[in-house]
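Colleague: Need a 3D model of the following:
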Amino acid sequence: MKFDVAMFTSLWLITFLCCALITTALSRMFAGVAAFRFWSAGFYLLAASSACFALHLTWHTDVLLVVTATLALQSRILIWSGTRAVRFERAVARGSRRVCRVLRAV
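Modeller: You can find the predicted model right below:
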């Protein structure tokens, strides 16, 4: 089996699409968790970025590289925002538990 750039690009495209579909399903199952929505959008953008890179291998235009980099950057921002949303939700949950304990004690 020959491992070349096209094979790795298609492998990443399939991986990102599967991750996007899984996180989309999880975001529908757990509607209260905002991080899944961020992550699914980020994975769709990564899949689009991989597809643009694959098109660049065929068409050899620099515009596709700019689009690839832009989509990859946007996906990283969304994935990081989803991670921050999870941390924020945990902090809010901890804070609300503390307030409930204080109110019970009073």
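Colleague: So which residues of the protein form helices?
Modeller: 5-29, 34-59, 62-105 (DSSP state H).
Colleague: Go through these and pick out the most buried.
Modeller: Between those, helix 34-59 has the highest mean count of neighbours, a mean of 20, where neighbours are mean count of other C-beta atoms under 10 Å. In this view, the C-beta of every residue, glycine as well, is placed from N, C-alpha and C.
Colleague: tell me the mean pLDDT over it?
Modeller: Averaging pLDDT along helix 34-59 yields 90.
Colleague: Leaving out sequence neighbours, find the closest residue to residue 10.
Modeller: Nearest residue to residue 10, sequence neighbours excluded (C-beta to C-beta, 6 or more residues apart in numbering): residue 54, at 7.0 Å.
Colleague: OK, contacts around the one you found?
Modeller: 6, 9, 10, 13 (C-beta atoms under 8 Å, 6 or more residues apart in numbering).
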